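J.: next comes the sequence, and after it the predicted model I'd like to discuss.
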Amino acid sequence: MNKKTVRIGTRGSQLALFQAELTRKKLLEKFPETDVEIVIIKTKGDKILDVALSKIGDKGVFTKEIEKDLLDGKIDMAVHSLKDLPTSLPEGLKLGAVLERGEFRDALVCKDGRTLDELTGNDIIATSSLRRKASLLRYNKNFRIIDIRGNVNTRLRKMEEGYCDAMIMAATGFQRLGLEKYITEIIQPEIIIPATSQGIIAIESRTGDTVTDELLKGINHAATWDAAEAERGFLHAVEGGCQVPVGCYSQFDGEHLSLTGFVASLDGTSYLSDTETGSAVNPAVVGERLAQKLIARGAAKMIEAIRTS
Ligand SMILES: NCc1[nH]cc(CCC(=O)O)c1CC(=O)O
C-alpha cells in the first residue's frame, strides 16, 4: 500500500518553519502511516522588508500566496501564526485546526537588561505594531518609538548595532526559537494587551477536503480553538486589522470564558478597554458582545477617525 503524502505549506522564516515542523511532528505522532512534506512558499510580507506592515495596507500579507497554492491543491494544508490570518478567509478555505497555545503575552527585549519601568524618554523602543505603539505611549507618553521589520534574528542584530535600546515582540516567537534568554520581561496585559490569537499556531485547509479534515481533527487542541473563536469573534466584530491599535486575550475557568479587549487611538491618548464574561459554549458570541460594548462606548468612531486620518 502506498503511503499517503500530506503537503504542508509555510513561509520560509525560521519561526514559520518551526511551526510547520511542529505540525508535522503532531501529525506523525497521530498518523504514523502518513508521509508529511513541508513546502516553502514566499509571501509579499517576506519580500517587502523595508515598510511597516501597517503601511503595506492589505490584510493577509503573510498568507495570500500560500492560500493560492492551497486552493490550487499544490498543498493540503497551510500553517500560519493565527494572528497573521485575517478573520474572513477566502472562499473555499477554512480554519482547520489549532495547536495548543504558547505564551500569549508580549515581551520586552532590552539590550542592557532593563525592564519597561526603567526605560525613559531617552530610550528608543522598536516595534512596528500600532497596538504596541499606542499601548507604550499610554504607559509613558515620552517613549520614543521607531519602526522595525525583519525576522527575530535580524531584529536582534539591529538592536546590537545600536538601532534601538529595546524592542517589543511576541514572547512566543523568542521561546519557539530557543532565544528566551533575550527576554528581559514578560509584559502584563494591563500594560500591553496582546494581539488577537497571539501565540496560536493555525492550520488552514480547504472546505470539503474530508481527508485533511480527518487528520486535522486528530491534532486540534480544543481549549485553544475556543480561545481563537472568542478572540477572532471580537476582532471580526470591531473590524480591526493591523491598521488599528486593537487587541484582546481570553481566559477560561472551566465553563466560563473571560475576554478582555481594547481599541485605542494611534498615540494612545484615547484608550477603551473592557471585559466580557460568558459561557464557553459559544465563545464567538462572547467576542461579539465585547465588541458591542466597546462600540457603544465609541470604538467605531475611534477606528473611523484612524482610517480617514
Ligand atoms: N506579526 C508578525 C508575527 N506573527 C506571529 C508572531 C509571533 C508568533 C505568534 O504570536 O504566534 C509575530 C512576531 C511578533 O509579533 O513578535
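T.: Received the coordinates, thanks. Numbers count the residues shown, from 1 in each chain.
J.: what is the neighbour count of Leu235?
T.: Using other Cβ atoms under 10 Å, Leu235 has 23 neighbouring residues. Where you see a C-beta, it was placed from the backbone N, CA and C, and this is true even at glycine.
J.: list phi and psi for it.
T.: Here is the backbone geometry of Leu235 (degrees, to the nearest 10): phi -60, psi -40.
J.: I'd say it and Thr87 touch.
T.: Yes. Under the criterion of Cβ atoms under 8 Å, Leu235 makes contact with Thr87 at 5.3 Å.
J.: could you measure from the most centrally placed residue in the chain over to Ala228?
T.: Centre of the chain computed as the mean C-alpha position; nearest residue by Cα atoms, centre = their mean is Lys83, 2.4 Å away. Using Cβ to Cβ, to the nearest Å, Lys83 is found at 10 Å from Ala228.
J.: do Gly178 as well
T.: For Gly178, the distance to Ala228 - Cβ to Cβ - is 25 Å.
J.: again, but for Ile192
T.: For Ile192, the distance to Ala228 equals 20 Å [Cβ to Cβ].
J.: can you give me the strands for the protein?
T.: All strands of the chain, identified by DSSP state E, fall at 4-10, 34-40, 77-81, 93-98, 106-110, 124-126, 144-146, 166-170, 185-186, 201-206, 246-253, 256-264, 271-279.
J.: export the last one as PDB, just CAs?
T.: Put plainly, it is strand 271-279. Output of strand 271-279 as PDB, limited to C-alpha atoms (Å, rounded to 0.1, in the frame of the first residue of the first chain):
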ATOM      1  CA  TYR A 271      -8.000  54.100  25.000                       C
ATOM      2  CA  LEU A 272     -11.100  52.000  25.500                       C
ATOM      3  CA  SER A 273     -10.800  48.600  27.200                       C
ATOM      4  CA  ASP A 274     -13.400  46.300  28.700                       C
ATOM      5  CA  THR A 275     -14.000  42.700  29.800                       C
ATOM      6  CA  GLU A 276     -16.900  40.400  28.900                       C
ATOM      7  CA  THR A 277     -17.600  37.100  30.500                       C
ATOM      8  CA  GLY A 278     -19.900  34.300  29.300                       C
ATOM      9  CA  SER A 279     -20.400  30.700  28.800                       C
END
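J.: poorly predicted segments of the chain, please.
T.: Residues of the chain that meet the criterion pLDDT under 70 lie in 1-3, 49-59, 240-242.
J.: for it, what lies in contact range of the ligand?
T.: Residues of the chain found near the ligand (Cβ under 6 Å from any ligand atom) are Ser81, Lys83, Asp84, Met169, Ala170, Thr172, Gly173, Gln198, Gly199, Ile200.
J.: apply 8 Å and report the result again.
T.: Contact residues (Cβ under 8 Å from any ligand atom) of the chain with the ligand: 15, 19, 53, 62, 81-84, 102, 104, 106, 129, 152, 168-170, 172-173, 176, 194-195, 197-201, 242.
J.: sort out for me which of the residues you listed are in helices.
T.: Per DSSP state H, helices hold the following members of these: Leu15, Gln19, Leu53, Val152, Thr172, Gly173, Arg176.
J.: what's the burial count for the nearest residue to the last one once chain neighbours are set aside?
T.: Nearest-residue entry for Arg176: Phe18, 5.0 Å, with adjacent residues in sequence omitted and distances by Cβ to Cβ, 6 or more residues apart in numbering. By other Cβ under 10 Å, the residues close to Phe18 number 17.
J.: what of Lys301?
T.: Lys301 has 11 neighbouring residues, counting by other Cβ under 10 Å.
J.: separation between it and Pro245?
T.: On the measure of Cβ to Cβ, Lys301 and Pro245 end up 14 Å apart.
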